[in-house]
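Undergrad: build the 3D model from these lines:
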Amino acid sequence: MSHRKPLPEPLLRQPFTLAEARRLGVSRDRFLAADIVRLGWGLYAAEGTDLGWPSGHEPPSHGLGQLALAALLKRFPGTVLSHATAAHVFKLPVPAVVAADQTVHLTWFNATGSVQRKGITAHRSPLAVQDRMGHLRLALTTPARVWLDLAPALTASELVVLGDAVVNRPYRGGQRLDGWETLDGLSATLERAGSVKGVRTARLALARCRVGADSRPETLARLALVDAGLPEPVTQLQGDPADRYSPAADLGYRQLRIAIQYDGKHHRTKAQQASDARRDAWFQERGWLVVRLTAEDLANGFTRLIGIVQRRLAAAASSIEATSSDIS
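TA: Residues are numbered from 1 along each chain as shown. Reported below is the predicted structural model:
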């Protein structure tokens with residue numbers, strides 16, 4: 001009975017190509033053994049290799065894990081992951097139809113052209129160095145460039161959602177951290193790109209992007225209010241600007257004393273609910289109207305919120321008129 005020769009140790013940690021294995025002395029017949037998994041595109045992996053993603057990443061529709069994508073990039077020098085594939089790596093919010101793309105998007109940025117292969121959507125673009133970066137040991141287009149590259153595939157509002165996510169400063173560990181990019185950075189990306197497809201739509205979307213939206217529903221709520229002809233609410237509105245410890249509303253109107261909060265999935269924990277109750281109490285004790293939005297409001301186009309703000313504006317206008325009449 002013949003015994004299977006163990007694979008070289010370097011091949012046990014990450015996907016590899018036939019050429020890499022041959023250089024390490026692995027015979028072609030050895031590839032017929034059951035402990036070598038064929039990944040496609042000339043990539044293989046030893047059985048049991050971790051082909052998943054770090055915690056917090058949902059499995060992508062194309063099915064390849066982080067290490068498999070890294071190996072794929074080595075197969076095609078002069079490329080970076082881009083479009084929907086890069087959006088997944090950065091955990092950027094994209095519509096379901098984009099997230100469901102089962103192909104891997106690669107952009108060739110050198111002069112050798114691109115390779116059309118089954119399961120790969122190939123792009124060619126002379127990307128500037130500023131439009132490329134490394135993240136999770138992968139070569140990618142920057143989040144700002146992802147935003148621009150996806151412009152032709154997104155609606156105007158979803159492009160604003162994506163732009164807001166790119167420039168947002170996430171709240172972690174009790175503080176706000178730097179985001180992927182700034183509004184000026186998005187603008188600079190547009191200037192470098194020139195007249196690429198979708199750039200006009202991206203310019204219009206950029207004018208509506210704001211820093212401070214922690215989720216897609218928050219952006220859509222803001223856009224719904226503006227599209228209804230109402231004043232634009234402030235994102236991350238601090239209850240008391242003079243008190244750094246006062247709570248902030250996701251959206252709000254200081255003059256109307258309206259604090260708007262969107263209750264997403266993370267608000268279901270007991271700890272978060274307790275925190276939300278303390279935050280809401282702070283506003284209510286000072287005469288603010290607290291409006292808590294849910295997925296039902298999102299599904300209904302935020303009509304309830306629009307009505308609340310309209311009535312509050314009307315009441316404020318009536319109060320001013322009454323005051324003016326008393327004075328005269």
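Undergrad: tell me the spatial nearest neighbour of Arg4, not counting adjacent residues.
TA: Distances taken as CB to CB, 6 or more residues apart in numbering place Ala33 nearest to Arg4, at 5.7 Å, with adjacent residues excluded. (C-beta placed from N, C-alpha, C; glycine too.)
Undergrad: pretty sure Tyr44 sits in a strand.
TA: Yes: under DSSP: H, G, I helix; E, B strand; the rest coil, Tyr44 falls within a strand.
Undergrad: tell me, how many residues neighbour the residue nearest to Arg4?
TA: Around Ala33 there are 11 other residues, counting by other CB atoms under 10 Å.
Undergrad: what's stretch 132-144 in contact with?
TA: 54, 66, 69-70, 73, 79-83, 86, 89-90, 92, 107, 109, 127, 130-131, 145-146, 149, 166, 180-181, 185-186, 188-189 (CB atoms under 8 Å, 6 or more residues apart in numbering).
Undergrad: go with 6 Å
TA: Contacts to stretch 132-144, defined as CB atoms under 6 Å, 6 or more residues apart in numbering, come from residues 66, 69-70, 73, 80-82, 86, 89-90, 131, 166, 180-181, 185-186, 189.
Undergrad: again with stretch 213-220
TA: Stretch 213-220 has contacts (CB under 6 Å, 6+ apart) with Pro93, Val161, Asp164, Asn168, Thr235, Asp250, Tyr262, Gly264, Leu298.
Undergrad: on the three-state scheme, Gln261 is what?
TA: Three-state assignment for Gln261 (three-state DSSP): strand.
Undergrad: quick check, pLDDT for it.
TA: pLDDT recorded at Gln261 is 96.
Undergrad: Asp280 too?
TA: With respect to pLDDT, Asp280 has a value of 95.
Undergrad: excluding chain neighbours, what is closest to it?
TA: Nearest to Asp280 is Val290, by CB to CB, 6+ apart, at 4.8 Å.
Undergrad: what about the strands in the stretch 51-200 of the chain?
TA: 79-81, 104-108, 120-124, 132-135, 138-141, 171-172, 175-176 (DSSP state E, counting those that start in this stretch).
Undergrad: quick revisit: from memory the residue nearest to Asp280 sits against Ala259, does it?
TA: Yes: under the criterion of CB atoms under 6 Å, Val290 makes contact with Ala259 at 4.9 Å.
Undergrad: so what sits against both of the two?
TA: Phe283.
Undergrad: and these two? which has more neighbours close in?
TA: Ranked by neighbour count (other CB under 10 Å), Val290 and Ala259 place Ala259 first, with 27 against 18.
Undergrad: quick check: bridge partners of the residue nearest to that one when sequence neighbours are not counted?
TA: Nearest residue to Ala259 in three dimensions, chain neighbours excluded: Ala249, at 3.7 Å (CB to CB, 6+ apart). Per DSSP bridges, the residues bridged to Ala249 are Leu237.
Undergrad: and Ala249, what is it in contact with?
TA: Contacts of Ala249 by CB under 6 Å, 6+ apart are Leu237, Ala259, Ile260.
Undergrad: any idea how far Ala46 is from it?
TA: Ala249 sits 52 Å away from Ala46, going by CB to CB, to the nearest Å.
Undergrad: just Ala317 next, same as before
TA: 71 Å.
Undergrad: those two - which one has more neighbours?
TA: Ala46 (18 against 10).
Undergrad: not counting sequence-adjacent ones, nearest residue to the more buried one?
TA: Here the residue nearest Ala46, using CB to CB, 6+ apart, is Leu12, at 4.9 Å.
Undergrad: burial check on Leu186, number of neighbours?
TA: 23.
Undergrad: got any ranges where the stretch 101-250 of the chain has weak pLDDT?
TA: 111, 113 (pLDDT under 70).
Undergrad: in it, which spans are helices?
TA: Per DSSP state H, counting those that start in this stretch, the stretch 101-250 of the chain carries helices over the ranges 143-149, 156-167, 183-193, 199-206, 216-227.
Undergrad: deepest in the core, which of these is it.
TA: helix 143-149 (a mean of 28; mean count of other CB atoms under 10 Å).
Undergrad: dump the C-alpha coordinates for it into CSV.
TA: The C-alpha coordinates for helix 143-149 follow below in CSV (Å, rounded to 0.1, in the frame of the first residue of the first chain):
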residue,chain,number,x,y,z
PRO,A,143,-13.0,52.9,-0.7
ALA,A,144,-13.3,56.2,-2.5
ARG,A,145,-12.5,54.6,-5.8
VAL,A,146,-15.0,51.8,-5.1
TRP,A,147,-17.6,54.5,-4.6
LEU,A,148,-16.8,55.9,-8.0
ASP,A,149,-16.5,52.6,-9.8
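Undergrad: just give me how far it sits from the chain centre.
TA: When distances are taken as CA atoms, centre = their mean, to the nearest Å, helix 143-149 is centred 10 Å away from the chain's centroid.
Undergrad: got it, and stretch 60-78?
TA: On CA atoms, centre = their mean, the centre of stretch 60-78 falls 20 Å from that of its chain.
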